[in-house]
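1. below are the sequence and a predicted model; questions follow.
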Amino acid sequence: MKVIIVRHAQTNENLKGGDAARDSEALLTEEGVFQAKKLGHHLKDYKITQAYTSPQKRAIDTAQEVLAYHVEAKIDHIDDLREQNLGKLSGLPKNTIREMHKQTGLPFADFRPEEGESYGDVQKRAAKFFHELLQKHKQDDTILIVTHGGTLGVLLLHILEKELTEENYKAHKSENTAFTMIEITDDKKFRPHKINSLEHLN
């Protein structure tokens, strides 16, 4: 089995240097559509059989550009692939949220905004989805997952068995349309072939 995990293409919020909120319906920019088309062409020979995306439009639109070459693939929208819920801190600048986190003294994975989620919470739901996916698909399937920078970052750390620290998170956070390709062996071991690759944009 192969699993291809993708961060959605560029949005206006990304262009401004910020992340769109969990419930934002940020749209792809013209450059974002170009990125997604380039990714789709790059992955056209991988015979994708199933796609899972966040239900947010930027992820769905990115997936559809990839699936233009895989017309028989089914697509499901999965709540567990949404971006982090920042609760009452939604809409605040990232630097402000980081400073509030710092003031609490809590570890990187444990800071939970009021009515929101910690990075640890996001990792738990994303990892739960990922392991359920492995149980339901056949060994010859190729699966596409399209999600968000935060969700992808914490999921990747889980797959690579790295601790959820700020340093590791920053080292593994992906750019728009970066893709990670993982082979799942017969004994359910993970063998990464590419991690956060942007080769399709070169």
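-> Sure thing, it's come through.

2. strands along the protein, start to end?
-> 2-7, 50-53, 74-77, 142-147, 179-184, 190-197 (DSSP state E).

3. turn the ones you listed into CSV, columns for mean pLDDT, mean neighbour count and distance to residue 127.
-> For glycine as for every other residue, the C-beta is placed from the backbone atoms N, C-alpha and C. CSV is the format used below for the strands of the chain (pLDDT from 0 to 100; neighbours: other Cβ atoms under 10 Å; distance: least, Cβ to Cβ, whole Å):
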stretch, mean pLDDT, mean neighbour count, distance to residue 127
strand 2-7, 98, 24, 12
strand 50-53, 98, 22, 14
strand 74-77, 96, 13, 18
strand 142-147, 98, 26, 12
strand 179-184, 97, 19, 13
strand 190-197, 95, 14, 12
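
4. any chance of those in a markdown table, plus distance to residue 31?
-> Shown next, in a markdown table, are the strands of the chain (distance: least, Cβ to Cβ, whole Å):
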| stretch | distance to residue 31 |
| --- | --- |
| strand 2-7 | 14 |
| strand 50-53 | 20 |
| strand 74-77 | 24 |
| strand 142-147 | 17 |
| strand 179-184 | 17 |
| strand 190-197 | 18 |
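
5. wait, which of those strands is closest to residue 62?
-> Comparison of those against residue 62 by Cβ to Cβ identifies strand 142-147 as nearest, at 5.2 Å.

6. helices or strands next to that closest one in the packing?
-> Under the contact criterion of 3 or more Cβ pairs under 8 Å, 6 or more residues apart in numbering; DSSP states H and E, strand 142-147 touches strand 2-7, strand 50-53, helix 57-67, helix 119-136.

7. pLDDT on the longest one, on average?
-> So that's helix 119-136. For helix 119-136, mean pLDDT is 96.

8. right, and the strands of the chain - which one's nearest residue 90?
-> strand 142-147 (18.1 Å).

9. what stretches of this structure score poorly on pLDDT?
-> 16-24 (pLDDT under 70).

10. can you redo the helices and strands packed on strand 142-147 as CSV with distance to residue 73?
-> CSV is the format used below for those (distance: least, Cβ to Cβ, whole Å):
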stretch, distance to residue 73
strand 2-7, 11
strand 50-53, 6
helix 57-67, 5
helix 119-136, 14
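
11. nearest to residue 192, out of those?
-> strand 2-7 (10.0 Å).

12. these two touch, right, residue 138 and residue 2?
-> No - in this structure, residue 138 is not within contact of residue 2 by Cβ atoms under 8 Å, at 11.6 Å.

13. residues in contact with residue 89?
-> 96-97, 100, 113-114, 116 (Cβ atoms under 8 Å, 6 or more residues apart in numbering).
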